[in-house]
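Enquirer: Need coordinates for the following:
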Amino acid sequence: MVKGKKSLSTAFIEFDGPKSVERALKMADDAKIGGKKIHVAKYELRATNKRQDRNQEENDDSDNSNE
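Expert: Sure thing, here's the model as predicted:
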């Protein structure tokens with residue numbers, strides 16, 4: 001996320017693997033845009049709740065059986 005006086009920008013970048021991500025985070029520690037330090041964060045998808053997945057599959061199956 002890059003913040004300016006009147007603007008805000010978010011960028012999502014996909015990397016090849018964990019080593020690339022860690023290297024990019026280290027490089028971004030000292031990065032500045034217009035004299036302002038940028039905020040860099042790592043985002044990971046979490047595993048979904050198995051119970052929710054089962055309920056979703058059951059709902060999909062029941063929807064298909066009505067057709």
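Enquirer: how far away is Y43 from D16?
Expert: 16 Å (CB to CB, to the nearest Å). Every residue, glycine included, has its C-beta placed from N, CA and C.
Enquirer: looking at this structure, which helix or strand is least sure?
Expert: Ranking every helix and strand in the chain by mean pLDDT, DSSP states H and E puts strand 2-3 at the bottom, with a mean of 54.
Enquirer: all strands of the protein, in order?
Expert: Using DSSP state E, the strands found in the chain span residues 2-3, 8-9, 32-33, 36-37.
Enquirer: mean pLDDT for the ones you listed: which is lowest?
Expert: The weakest mean pLDDT among these belongs to strand 2-3, with a mean of 54.
Enquirer: tell me the pLDDT at A41?
Expert: 78.
Enquirer: likewise the one 10 residues further on?
Expert: Predicted confidence (pLDDT) for R51: 69.
Enquirer: Same question for K19.
Expert: 89.
Enquirer: Quick one: neighbours of it, just the number.
Expert: Residues near K19, counting by other CB atoms under 10 Å, number 9.
Enquirer: I38 versus that one, what's the distance?
Expert: Note on K19: its distance to I38, by CB to CB, is 21 Å.
Enquirer: now I13
Expert: 13 Å.
Enquirer: neighbour-wise, which of these two wins?
Expert: I38 (16 against 8).
Enquirer: From what I see, that one and A28 are in contact.
Expert: Yes. Taking CB atoms under 8 Å as the definition, I38 is a contact partner of A28 at 6.7 Å.
Enquirer: Let me see the contact set for V21.
Expert: Neighbouring residues of V21 by CB atoms under 8 Å, 6 or more residues apart in numbering: F15, K42.
Enquirer: For G35, grab the count of nearby residues.
Expert: The tally of other residues near G35 (other CB under 10 Å) stands at 5.
Enquirer: if I pick D16, what's in contact with it?
Expert: With CB under 8 Å, 6+ apart, D16 has no contacts at all.
Enquirer: next one: phi and psi at it?
Expert: According to degrees, to the nearest 10, the main-chain angles of D16 amount to phi -70, psi -30.
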